[in-house]
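*Asks:* What follows is a protein structure lacking sequence information:
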């Protein structure tokens, strides 16, 4: 009788684990913000990956999940993960560097007005543009 009870408890578990390891391009451990989402299981958990670059999620219902990782200065990462058994799923992620973006705004005016810039480039001297014409000199 005891063995049937133990077998019943084992069969009902249907839970797994996800072991995450995050590194930078040089292989160093990397702290990151993470989120695990499963619409099928109505599951959502945000968590921090520590300075050692590791995190373990336990007691996850079987099913598909989306893992999102983000760290300052690195490109965001996302991937589908399937938890199908009690055998831990191990994910090792190397985050790439974030692309560098530069924005340049050029203006000839103290207030940065684009309307005044267009007005002065055309050289209009009507009453609307008198003030900007003065600023253009």
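*Replies:* Here it is on my side, so go on. The structure displayed is predicted, hence computed values, not measured ones.
*Asks:* Phi, psi for residue 41 please.
*Replies:* Main-chain torsions, residue 41, degrees, to the nearest 10: phi -100, psi 0.
*Asks:* And it, how far from residue 88?
*Replies:* The gap separating residue 41 from residue 88 is 18 Å, by Cβ to Cβ, to the nearest Å. Heads up, the C-betas are built off the backbone N, CA and C, glycines and all.
*Asks:* same check, this time on residue 14
*Replies:* Applying Cβ to Cβ, the value for residue 14 to residue 88 is 15 Å.
*Asks:* Please apply the same query to residue 77.
*Replies:* Distance from residue 77 to residue 88, counting by Cβ to Cβ: 20 Å.
*Asks:* Which one's more surrounded, these two?
*Replies:* Neighbours around residue 77 and residue 88, counted as other Cβ atoms under 10 Å, are more numerous at residue 77. The numbers are 17 against 14.
*Asks:* How about the more buried one, nearest residue that isn't a chain neighbour?
*Replies:* Once flanking residues are discounted, residue 77 sits nearest to residue 69: 4.5 Å by Cβ to Cβ, 6 or more residues apart in numbering.
*Asks:* Would you double-check that that neighbour falls in a strand?
*Replies:* Yes: counting by DSSP: H, G, I helix; E, B strand; the rest coil, residue 69 is part of a strand.
*Asks:* any idea how the chain splits into domains?
*Replies:* In the domain annotation for the chain, the residue ranges read 14-94, 106-137 (automatic domain parsing).
*Asks:* and these as a markdown table, adding mean pLDDT?
*Replies:* Below are the domains of the chain laid out as a markdown table (pLDDT from 0 to 100):
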| stretch | mean pLDDT |
| --- | --- |
| domain 14-94 | 97 |
| domain 106-137 | 51 |
